[in-house]
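*Asks:* Sequence below, structure please.
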Amino acid sequence: MEQRAVEFISEEEYLAQERSSEEKYEYYGGEVFAMAGASEKHNLIVTNVLSELRSQLKKRPCRVYPSDMRLKIEATGLYTYPDVMVLCGEREFGDDNLDTLLNPDVIIEVLSDSTESYDRGKKFWNYRTLESLKAYVMISQNSRRMEKYSRNKDGSWTFTEADDDHPLIVLESIGCNLEIAEVYDKVEDT
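*Replies:* Next up is the predicted model:
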């Protein structure tokens with residue numbers, strides 16, 4: 001079987017291509033990876049989360065970003081597009097284009113079958129290198145379950161889970177709550 005050579009590109013080449021592309025790609029270590037499309041459930045959950053957070057953060061110095069906002073993790077060089085990011089405070093961007101955020105307080109990913117192991121593993125490892133990150137939330141689209149990892153003052157992480165029996169995730173760092181009923185509103189078969 002013939003193997004195809006991988007062509008490595010620079011960050012500058014990636015950003016130039018990304019800014020003119022209709023599709024979104026992750027970038028890591030000189031390689032570019034296509035982002036998968038999202039299911040109806042995934043999109044409904046993301047919309048519900050964005051709506052809830054925007055409503056709770058209204059009139060506060062916080063911003064809620066959907067998956068079109070790119071994130072760069074400077075410590076590892078990963079460029080990616082989290083489903084939802086929240087930033088309270090001063091924004092830091094990768095350059096004057098203001099399209100690559102560097103310092104989110106909260107990152108939320110909706111898990112899919114094809115990305116779950118990556119979101120829980122290598123991606124979370126990359127996210128943990130962000131000094132600004134105070135909470136990482138993973139939301140299942142296959143069951144009514146949310147998981148939150150919160151950074152402690154000593155740098156360790158604490159795990160909290162929400163489901164129908166314990167239906168609330170509290171995002172202390174931004175003063176918001178995510179309730180199971182609101183996150184899964186109109187999401188069938190979960």
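*Asks:* Residue 173: neighbour count?
*Replies:* Residue 173 is flanked by 16 other residues according to other CB atoms under 10 Å. Any C-beta I mention is one placed from the backbone N, CA and C, and that applies to glycine too.
*Asks:* how about the helix or strand bottoming out on mean pLDDT in the chain: buried residues?
*Replies:* Taking mean pLDDT, DSSP states H and E as the measure, the chain has strand 31-34 as its least confident helix or strand, at a mean of 91. In terms of neighbour count (16 or more other CB atoms under 10 Å), strand 31-34 has its buried residues at residue 32.
*Asks:* same deal with stretch 41-52?
*Replies:* The neighbour-count check on stretch 41-52 (16+ other CB under 10 Å) flags 41-46, 48-50, 52 as buried.
*Asks:* now what about that stretch, what contacts it?
*Replies:* In this structure, residues lying in contact with stretch 41-52 by CB atoms under 8 Å, 6 or more residues apart in numbering are 38, 64, 66-67, 83-84, 108, 110, 112, 139, 141, 176, 178-179, 182-190.
*Asks:* now do 7 Å
*Replies:* Contacts to stretch 41-52, defined as CB atoms under 7 Å, 6 or more residues apart in numbering, come from residues 64, 66-67, 83-84, 108, 110, 112, 139, 141, 178, 182-187, 190.
*Asks:* same question for it, mean pLDDT?
*Replies:* Stretch 41-52 carries an average pLDDT of 97.
*Asks:* go on, stretch 88-102?
*Replies:* What stretch 88-102 shows for mean pLDDT is 96.
*Asks:* Figure out how far it is from the centre of its chain.
*Replies:* Mean C-alpha position of stretch 88-102 versus that of the full chain (CA atoms, centre = their mean, to the nearest Å) differs by 15 Å.
*Asks:* Show the residue spans covered by the helices in this structure.
*Replies:* Per DSSP state H, the chain has helices spanning 11-20, 40-57, 116-120, 122-128, 180-183. These are given in chain order.
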